[in-house]
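Visitor: Give me a 3D structure for the following:
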Amino acid sequence: SAVAPARLGHKALAVNLGDLAACGAEPLAFTLALSMPAVREDFLAPFAQGLLALADANGIELVGGDTTAGPLSIAITVFGEVPPGQALLRSGARVGDELWLSGTLGDARLALEAFRGQVQLSGEGFEQARRAMELPQPRVALGLALRGIASAAIDLSDGLLGDLGHVLRRSGCGATLYFDALPRSALLAAQPLALQRTCLLTGGDDYELLLAAPAARHDHMLAAANQTGVALTCVGRVEDAAQGLRVLDASGQALNLQGLAAFDHFR
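Guide: Take a look at the predicted model:
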């Protein structure tokens, strides 16, 4: 099923704002390069409405770009700023840091599985999952609030295991995740465990923030969550690189991660 143009406009900008959020950067402005086979007002009006509503919510304006004839293509570039030396990087995680997640994970992948016919959801449940896929909320305010508190950050576009893997490689560390601690909606929690594992660990398209922060900053993390109104959940810890990446179940047993790969956009 095609994405509604207003939601497409929102998501096209949201995924770019997510990258700024993961850097702790403040958005300034954006450009849009749009090509389409023919001018269609019934597409352009709601597309612009969804795009500009999110832009207004983040205090930024469209400052340039281009519109041409051709296959439908949307390319957005967002500009932001961060004081020198204060950017949140993938390379800052240290052994002993706690790992945190914003919001909940997995509903976007659950929607994809519903579209593929792999899972049956009720009308209300399907709409909830579809909203997660089509209307992600970039965590810009949270990223700003965590400058100087978090040691590393990334936004989750390719799935938890894959994106955490990027942080661990850049930081030269390993990690332990607690599967039962991973934040999920009641809708996802009601699904079979194997499906939950797929959605939570390799789902992709969540655009939540994965953060590392010193254990001594635990209360600062919770204060930032309270200040911004975005839930933060402590889900694990950074370990020595020799340990690699482990995901433990409730009994402390390591899950078999074979076959659980990062989401591949070209598959």
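Visitor: just to confirm, which helix or strand has Leu51 in it?
Guide: Taking DSSP states H and E as the criterion, Leu51 maps to helix 41-57.
Visitor: strands paired with whatever helix or strand comes next after that helix, and their directions?
Guide: Beyond helix 41-57 in the direction of the C-terminus, DSSP H and E gives the next helix or strand as strand 61-69. Using DSSP bridges, strand 61-69 pairs in its sheet with strand 26-36 (parallel).
Visitor: Could I get the buried residue list for the partner strand?
Guide: 26-27, 30, 32, 34, 36 (16 or more other CB atoms under 10 Å). Bear in mind the C-beta positions are built from the backbone N, C-alpha and C, glycine included.
Visitor: ditto for stretch 184-194
Guide: 184-185, 187-188, 191.
Visitor: Look at the residue sitting nearest the centre point of the chain and give its secondary structure.
Guide: Residue closest to the mean C-alpha point of the chain, counted by CA atoms, centre = their mean, is Tyr207 at 1.5 Å. Put simply, Tyr207 is coil when judged by DSSP: H, G, I helix; E, B strand; the rest coil.
Visitor: wait, it sits on Leu135?
Guide: No: judged on CB atoms under 8 Å, Tyr207 makes no contact with Leu135 at a distance of 10.2 Å.
Visitor: Look up the residues that both of the two are in contact with.
Guide: Residues touching both Tyr207 and Leu135 by CB atoms under 8 Å, 6 or more residues apart in numbering: Ala14.
Visitor: Need the nearest residue in space to Pro136, chain neighbours excluded.
Guide: Counting by CB to CB, 6 or more residues apart in numbering, Pro136 lies nearest to Tyr207, which is 4.0 Å off, once chain neighbours are set aside.
Visitor: Pull out the buried positions in stretch 131-146.
Guide: For stretch 131-146, burial by neighbour count (16+ other CB under 10 Å) applies to 132-146.
Visitor: How about stretch 11-31?
Guide: Quick answer for stretch 11-31 (16+ other CB under 10 Å): 11-27, 30.
Visitor: Output that stretch in PDB, but only the C-alpha positions, please.
Guide: Taking C-alpha atoms only, stretch 11-31 is exported to PDB below (Å, rounded to 0.1, in the frame of the first residue of the first chain):
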ATOM      1  CA  LYS A  11       9.300  10.900   7.000                       C
ATOM      2  CA  ALA A  12      11.600  12.400   4.300                       C
ATOM      3  CA  LEU A  13      12.600  15.200   6.600                       C
ATOM      4  CA  ALA A  14      12.400  13.100   9.800                       C
ATOM      5  CA  VAL A  15      15.100  10.600   8.800                       C
ATOM      6  CA  ASN A  16      17.500  13.500   8.100                       C
ATOM      7  CA  LEU A  17      16.700  15.200  11.400                       C
ATOM      8  CA  GLY A  18      17.400  11.900  13.200                       C
ATOM      9  CA  ASP A  19      21.000  12.100  12.000                       C
ATOM     10  CA  LEU A  20      21.300  15.600  13.600                       C
ATOM     11  CA  ALA A  21      19.700  14.300  16.800                       C
ATOM     12  CA  ALA A  22      22.300  11.600  17.000                       C
ATOM     13  CA  CYS A  23      25.000  14.300  16.900                       C
ATOM     14  CA  GLY A  24      23.400  16.600  19.400                       C
ATOM     15  CA  ALA A  25      23.200  19.200  16.700                       C
ATOM     16  CA  GLU A  26      20.600  22.000  16.500                       C
ATOM     17  CA  PRO A  27      18.800  22.100  13.100                       C
ATOM     18  CA  LEU A  28      19.100  25.300  11.100                       C
ATOM     19  CA  ALA A  29      17.600  24.900   7.700                       C
ATOM     20  CA  PHE A  30      17.100  22.400   4.800                       C
ATOM     21  CA  THR A  31      17.100  22.000   1.100                       C
END
